[in-house]
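Enquirer: I would like the atomic coordinates for the input below:
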Amino acid sequence: MKTLIVTGGFLDMAFALSYVEQQKFDYFIASDSGLHFFAASGLPVHEVVGDFDSADAKELQALQQNADILFHTYEPQKDETDTEIALKLAITRGSTQIHILGGTGTRLDHVLGTVHLLGLALQQKIPCYLVDAHNRIRLIPEGSTVLQKAEQYGHYTSLLPLTTKVCGVTLTGFAYPLEDGTLETFSSLGVSNEIVEQTAQITIKNGVAVLIESKD
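Expert: Reported below is the predicted structural model:
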């Protein structure tokens, strides 16, 4: 099951609608003010989670009148963000692929927190993508990951360590190749690479990296 989570960060409506049309999702979850996307677009939403401290009251009330939508309401004082709750819900619902829209924006604390949350899906071996109009972000675990130039999200690719060290990193098919290298925190090695072959490959022996594909 291919699941979309829309959360309460910055959301380009035109891009989001286009992305939904292209991706053909099976299940939709709104996280707090992410419900605005569904209220404004008229697209169906299956479940809504959050404390609703940042949601529009009229939009919330309108959706609550739909008996087909399942609501999960939480207190504002909690240890988990609404996005974390939504992601855990998507996992328990049996999602085989998860995409998050509205997870980026000016609140860098939330952006970084959501990047870390991708690890929840990684632990369950579920592909999970944090996407906006300019970037697609995912986690790359140990092993080999193949990238097709024809399918890349943007012109630039950056590989950054999520764990303290990412060891045994080999990059082939990139403008800046790497052979059995190490990515470490407090270093910008891995930023702004480019795929130059039809097929590129990332191999990691130990650790977890963040792959960011950027259009600009």
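Enquirer: what's around the nearest residue to Ser95 once chain neighbours are set aside, how many residues?
Expert: Leaving out its chain neighbours, the residue that sits closest to Ser95 by C-beta to C-beta, 6 or more residues apart in numbering is Thr3, at 4.0 Å. Glycine gets a C-beta too; all of them are placed from N, C-alpha and C. Residues lying near Thr3 (other C-beta atoms under 10 Å) number 26.
Enquirer: touching the strand or helix carrying Leu120 from outside, list them.
Expert: Mapping Leu120 onto the secondary structure by DSSP states H and E places it in helix 108-123. Around helix 108-123, the neighbours that count as contacts under C-beta atoms under 8 Å, 6 or more residues apart in numbering are 7, 9, 81, 83-84, 87-88, 90-91, 98, 100, 103-105, 127-128, 130, 137-139, 141, 162, 208, 210.
Enquirer: what's the first helix or strand after it?
Expert: Beyond helix 108-123 in the direction of the C-terminus, DSSP H and E gives the next helix or strand as strand 128-131.
Enquirer: have a look at this structure and report the helix or strand with the lowest mean pLDDT.
Expert: When each helix and strand of the chain is scored by mean pLDDT, DSSP states H and E, helix 57-64 comes last, with a mean of 83.
Enquirer: what distance separates the start and the end of stretch 153-170?
Expert: The first and final residues of stretch 153-170 sit 21 Å from each other (C-alpha to C-alpha, to the nearest Å).
Enquirer: can you give the distance from it to the centre of its chain?
Expert: The chain centroid and the centroid of stretch 153-170 are separated by 16 Å under C-alpha atoms, centre = their mean, to the nearest Å.
Enquirer: okay, buried residues for it please.
Expert: By neighbour count with 16 or more other C-beta atoms under 10 Å, stretch 153-170 contains the buried residues 153, 156-163, 166-167, 169.
Enquirer: which strand or helix spans Lys78?
Expert: Following DSSP H and E, there is no helix or strand that holds Lys78.
Enquirer: which ones are touching the closest residue to it other than its chain neighbours?
Expert: Residue nearest to Lys78 in three dimensions, not counting chain neighbours: Asp51, with 7.0 Å by C-beta to C-beta, 6+ apart. Residues touching Asp51, when contacts are defined by C-beta under 8 Å, 6+ apart, comprise 32, 73-76, 78, 82.
Enquirer: out of those residues, which are inside helices?
Expert: The members of these that map onto helices under DSSP state H are Asp82.
Enquirer: highest neighbour count among the contacts of Asp51?
Expert: Going by other C-beta under 10 Å, Asp82 tops the contacts of Asp51 with 28 neighbours.
Enquirer: do I have it right that that residue meets Gly50?
Expert: Yes - taking contact to mean C-beta atoms under 8 Å, the distance of 4.1 Å between Asp82 and Gly50 places them in contact.
Enquirer: and the residue lying farthest from the centre of the chain, how far from Lys58?
Expert: Here the chain reaches farthest from its C-alpha mean at Gln65, the gap being 29.5 Å by C-alpha atoms, centre = their mean. Counting by C-beta to C-beta, to the nearest Å, the gap from Gln65 to Lys58 is 11 Å.
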